[in-house]
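Trainee: Structure of the sequence below:
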Amino acid sequence: MNNEGWNFDNTYIQLPKIFYKNQLPTAAPTPQMVIFNQNLAESLGLNADTLKKEPAIFAGCKLPMGANPIAQAYAGYQFGHFTMLGDGRAVLLGEQITPAGQKFDIQLKGSGITPFSRGGDGYAALKPMLREYIISEAMFHLGLPTTRSLAVALTGKTVMREKALQGAVLTRTASSHIRVGTFNFISAFGTQENTRTLADYCINRHFSELKNHENKYILFMRKAAEKQAALIASWQLIGFVHGVMNTDNMAISGETIDYGPCAFMDSYNPNTVFSSIDTHGRYAYKNQPTIGAWNLSRFAEELLFLFHEDKEKAAELARQEINYYWECYNEHWLNGMRAKLGITHPTPEDTELIAELLGLMAAHKLDYTNTFHSLSSPVEPGSPLLNIAGFIPWQHKWHKKMDNRQQMKKHNPAVIPRNYKVEEALEAADNGDFSVMHNLLDALSKPYEYSSEYSLPPKAANCDYKTFCGT
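Mentor: Okay, here's the model as predicted:
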């Protein structure tokens, strides 16, 4: 412990060297703090008042006490194709142990070249790093499992992309940065014993209740499937599109990770794609549950030899766990939709009722967030919903089922990070005005409170929204 509050452990470097490379961050020329997450810092046991005056730590110029920086190795199936990756612009400083005894990775993202940079410069620009800060904080306040952002610091270095941009470093926290892609990597380039070692590490770190179980590896797969099912169902329920669900972007911990080309739907459209590079819609909103199963199948393939010595039996056990993922996903999604509609006494007819509403929303291009939020209060005469063909008959059926409107208010946010509001904040910040971002973050910290400024959908001219990878 020290006056900054750092309390590092470094268990990942106890793994074989194939899993990582020792790597110092590149020191920034002129570090400057842009934003510091005081509440997160305090929950981590850090001295927020001291650290927010220390931009050098968050720009790679000064290592925290106890840090042992590394770049982690991993691979990934990117748009279905295997690719060797690794931390190309990030270093893991260590694992902060909180006053409650929890452990969180502290990672610098955008801190310079590493052995995994693959020809890249290892740096990050200000706007993508602030974008991750904003969206991850929104997800946290919406109650979804997520990595979080501790700070963003300017580096004083120019980053060249399509044009010259301001360089910045994001400090990210996570339960861990172990990905399905970490297992893909070790299966391709390591040994079966390496895979077993990594699986044991994950079990000890994330699922310690399994470590003495005779079927711990199958149960490890099951726990991972449960977490992914719950996470992706929660994305669907709030209209979130991750945008790049490669296996390197699926965390074993079940947290949302890597906020690159992600965004929230405005008008409900199951085919919604925001990523500029997803030209065929592989990662469209409607496909996210299926991609979750596809990624877990790649995960299971790496673990087969741990499931059973007989390959056919091992494969059957893996299929059972993928089927279990679908059971969990469908249960989470259906129960979540029931909560959004105030239904506390489930019946089989609920599925049809939900499908009818979503069909109306898609046909009439209704705003996803605002439609559900408006149903949380009695529909008043003059409401635009009453002019939607088919809404009144649906409403009659729904009223026979709905018995808990207060529940609806807890599951239907009024404020999400609207894409046009995020862009306004980023543009202002890039020009030195951070007040727009702070106002947006304040609204996002109270997602269930209606805001005349932040609950409005975009004008039609803003609807064709595209996002881009920060690299």
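
Trainee: In this protein, where is pLDDT below threshold?
Mentor: Scanning the chain with the threshold set as pLDDT under 70 gives 1, 460-471.

Trainee: residue ranges for the strands of it, please.
Mentor: Applying DSSP state E to the chain gives strands spanning 8-9, 20-22, 32-36, 70-72, 75-78, 81-84, 90-97, 103-109, 124-125, 148-160, 164-174, 240-241, 263-264.

Trainee: Dump those strands to JSON lines, plus mean neighbour count.
Mentor: In short, each C-beta sits where N, CA and C put it, glycine included. Output for the strands of the chain, formatted as JSON lines (neighbours: other CB atoms under 10 Å):
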{"stretch": "strand 8-9", "mean neighbour count": "14"}
{"stretch": "strand 20-22", "mean neighbour count": "17"}
{"stretch": "strand 32-36", "mean neighbour count": "19"}
{"stretch": "strand 70-72", "mean neighbour count": "25"}
{"stretch": "strand 75-78", "mean neighbour count": "21"}
{"stretch": "strand 81-84", "mean neighbour count": "13"}
{"stretch": "strand 90-97", "mean neighbour count": "24"}
{"stretch": "strand 103-109", "mean neighbour count": "22"}
{"stretch": "strand 124-125", "mean neighbour count": "24"}
{"stretch": "strand 148-160", "mean neighbour count": "22"}
{"stretch": "strand 164-174", "mean neighbour count": "24"}
{"stretch": "strand 240-241", "mean neighbour count": "24"}
{"stretch": "strand 263-264", "mean neighbour count": "24"}
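
Trainee: how about a markdown table for those strands, with distance to residue 217 added?
Mentor: Putting those into a markdown table (distance: least, CB to CB, whole Å) gives the following:
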| stretch | distance to residue 217 |
| --- | --- |
| strand 8-9 | 25 |
| strand 20-22 | 23 |
| strand 32-36 | 41 |
| strand 70-72 | 22 |
| strand 75-78 | 20 |
| strand 81-84 | 23 |
| strand 90-97 | 23 |
| strand 103-109 | 22 |
| strand 124-125 | 36 |
| strand 148-160 | 30 |
| strand 164-174 | 23 |
| strand 240-241 | 31 |
| strand 263-264 | 36 |
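
Trainee: Ok, which of those strands comes nearest residue 423?
Mentor: Residue 423 sits nearest to strand 263-264 of all the strands of the chain, at 10.0 Å, using CB to CB.

Trainee: elements contacting that closest one?
Mentor: Packing contacts for strand 263-264, counted by 3 or more CB pairs under 8 Å, 6 or more residues apart in numbering; DSSP states H and E, involve strand 240-241, helix 419-430.

Trainee: I figured residue 418 was touching residue 451, is that so?
Mentor: No: between residue 418 and residue 451 there is no contact under CB atoms under 8 Å: 10.4 Å.
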